[in-house]
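Student: return atomic coordinates for the entry below.
(3 chains)
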Amino acid sequence: MTETTTKTTTKTSSLDRLAIPLIIVGALLTTTAFVLAFTLAPLVMGAEVDTPALIGGKMVANKLLLSQKIFYFHMPVAVTSFVALLFTAIYGVLFLAKRERRYDLNAKVATEVALVFILMTMVSGELWTRYEWGVWWVWEPRLTTYFILMLLIIGYFILRGAIDDAERRATYASVFGIIAFIDVPICFLITRMVPSSVHPVIFRTDSGLPPPMLIPLLIALFGMFCIAFGLYRTRLREQRLRERLTALKESLED
Amino acid sequence: MDPILAEIYSTVMTAAPFVIGAYALMWLVLLVYLLMTALGLKRTEKQIAALEESLAQKR
Amino acid sequence: MAANPSQATRAEAPSTGRPSTLAQYRTLLAKDLRQEFRTREMLTSMGIYALLVLVVFGAALAQSARGFDILQVSGGLIWALIVFTSLLGLNRSFSHEKEEGSLEGILLVPLDRSVIFLSKATSNLLFLAVVEIITLPLFYFFFLTGETPSSTFWMTVGPLAVGTIGITGIGTLLATITMNTRGKDVLLAVLFIPLTYPLLYACTAATTVAVLGGDIGGAYVPALALAAGYDVVMLLVSWLLYDYVVSA
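Tutor: Residues are numbered from 1 along each chain as shown, chains lettered A, B, ... in the order given. Here you go, the predicted model:
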């Protein structure tokens, strides 16, 4: 019993060794994106002013908005949470098909990372809403569907906590993870179905963003992917070790 | 300052705390999770080492 | 319960010796309905609960100004009523199986698990529909008799049908999940309300348009289509995953 568990858990896979470097790469990338978002990307235009003025050799006839800078991290973080949830659903399907415990652990950790990124999206979105609209909350379609997504993920963990039997917990969590994922495309597509002026459609064939704005966005997106994956692997290693610890404790008690 | 420029930049200063706050809070959330994971990992590793030692002594 | 296997084998399926899927479905559904006819537990508890929700609505709206247009919020109120009432019903839908352990008995019979899902969803659908048929006229009686709803009022039937089907489909799967958990009543609400939210949103939109007589082609039909699409996806996924849930 102990031998098998030690064998499966002591071998550090190459992905695990990649985790810390990936987090560092992600941190560097997001820092670059952060700097570029404030230097390379121009301020977006807001409401028109009465008389245009010459700034840096260009005529500016609109108020310049700093609040839009939140977007350069807000959207990559949101996309990362969607990707993490995609992995929850994929591992859920894998668990149901193959019945191997490790898939359940993968799904759980992926959902955890998703929750972290969902919280980040909510926090940044909230501050933007508070500044631009002057309110803390609006029942706007994208906002609401994303909030619902957060509630579903919290529900996922409440569900896990409410079941003692490991096998059953894994099955139910997998099923719920798959169902909850259905909200992701809804949330992603809702700005296409119900047009709202707040959330622009970014992913389309004719890119809506000029390159100086797209570059920091894409760097931030890639950096967030790196961080998310690094976090996922690190957390996974911790969880595996914890399982091994309980197995060791049990064998010690025998 | 030129009143026109002041109007053009009127929202920049007021928005700054919110932009800073948004970035700071995002980093904080990420950092808390990272710290939680790192500390948990370290603690578990320590416990495993201690347990394995006592297990080896028992044998 | 004991009568079921024999009854099932009596049903028509001569070549294989096993009853057809349709016969299994009918047997399981008949079992639930017979139980309900005997005890009338679900209908009375759901009906009284719905009535109490109406009383709460009355208290909540009692202080509103005289010019307050109840028609604007009635679509939302109707759906709040349906969601809370259905939660109560779904929570109880597996209580008999749980108490008597009859689900294990059903699982021993070699039948397609999705038949259990379909029969249970149908019985839940029937109970919820009956409760709606009783309480929605009451809603009209309590809140809308002084108002003049639009001539398209009858169109509320559309979202009501689509929404009720979706609610019972998702709800049956979730009730099966929460049946075996600690604090199951709360957990069902925690999982059920966010999951049905898109459906709720679309149905409320369609109902409100129908009550107020708004843009049928531009608002009612898209909302109803959205709700129907969500129904189809959710029911399909629930039906596919039910086997794993019920055998776990």
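
Student: quick one: distance of the helix or strand harbouring residue C:60 to the chain centre.
Tutor: Per DSSP states H and E: residue C:60 is located in helix C:41-61. Computed by C-alpha atoms, centre = their mean, to the nearest Å, the chain-centroid distance of helix C:41-61 equals 16 Å.

Student: C-terminal to it, what's the next element?
Tutor: Past helix C:41-61, the next helix or strand by DSSP H and E is helix C:70-93.

Student: could you give the angle of that following helix to helix C:41-61?
Tutor: Using axes from the mean of the first three to the mean of the last three C-alpha atoms, to 10 degrees, the inter-axis angle of helix C:70-93 relative to helix C:41-61 is 150 degrees.

Student: and helix C:70-93, what does it pack against?
Tutor: Packed against helix C:70-93 by the contact rule (3 or more C-beta pairs under 8 Å, 6 or more residues apart in numbering or on different chains; DSSP states H and E) you find helix C:41-61, helix C:113-139, helix C:157-179, helix C:184-212. Where you see a C-beta, it was placed from the backbone N, CA and C, and this is true even at glycine.

Student: out of the ones you listed, which comes closest to chain A?
Tutor: With C-beta to the nearest C-beta as the measure, helix C:184-212 is the member of the helices and strands packed on helix C:70-93 nearest chain A (4.1 Å).

Student: now for the closest one, which elements pack on it?
Tutor: Packing partners of helix C:184-212 (3+ C-beta pairs under 8 Å, 6+ apart): helix A:141-161, helix A:166-181, helix A:183-193, helix C:70-93, helix C:157-179, helix C:221-247.

Student: now the third one: buried residues?
Tutor: This means helix A:183-193. For helix A:183-193, the neighbour count (16 or more other C-beta atoms under 10 Å in any protein chain shown) marks A:183-184, A:186-188, A:190-191 as buried.

Student: check the offset of it from the chain's centre.
Tutor: For helix A:183-193, the distance to the chain centre is 16 Å (C-alpha atoms, centre = their mean).

Student: helices or strands up against it?
Tutor: Secondary elements touching helix A:183-193 (3+ C-beta pairs under 8 Å, 6+ apart): helix A:71-98, helix A:141-161, helix C:184-212.

Student: for those, give me TSV that also has mean neighbour count and mean pLDDT.
Tutor: Shown next, in TSV, are the helices and strands packed on helix A:183-193 (neighbours: other C-beta atoms under 10 Å in any protein chain shown; pLDDT from 0 to 100):
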stretch	mean neighbour count	mean pLDDT
helix A:71-98	22	93
helix A:141-161	20	92
helix C:184-212	22	91
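
Student: for the ones you listed, which one sits closest to residue A:38?
Tutor: Closest to residue A:38 of those, according to C-beta to C-beta: helix A:71-98, at 8.7 Å.

Student: how close does the closest residue to residue C:171 other than its chain neighbours sit to residue A:153?
Tutor: Ranked by C-beta to C-beta, 6 or more residues apart in numbering or on different chains and with sequence neighbours excluded, the top spatial neighbour of residue C:171 is residue C:90, at 4.1 Å. Look at residue C:90 and residue A:153: by C-beta to C-beta, to the nearest Å, they are 22 Å apart.

Student: ranking the helices and strands packed on helix C:70-93 by burial, who's on top?
Tutor: Of those, the one with the most neighbours on average (mean count of other C-beta atoms under 10 Å in any protein chain shown) is helix C:157-179, at a mean of 24.

Student: just want the angle from that helix to helix A:141-161.
Tutor: 30 degrees.

Student: which strands and helices sit next to helix C:157-179?
Tutor: Taking 3+ C-beta pairs under 8 Å, 6+ apart as the contact cut, helix C:157-179 packs with helix A:166-181, helix C:70-93, helix C:113-139, helix C:184-212, helix C:221-247.

Student: that one to helix C:184-212, inter-axis angle?
Tutor: 170 degrees.

Student: so helix C:157-179 versus helix C:113-139, what angle?
Tutor: Using the same axes, to 10 degrees: helix C:157-179 against helix C:113-139 is 130 degrees.
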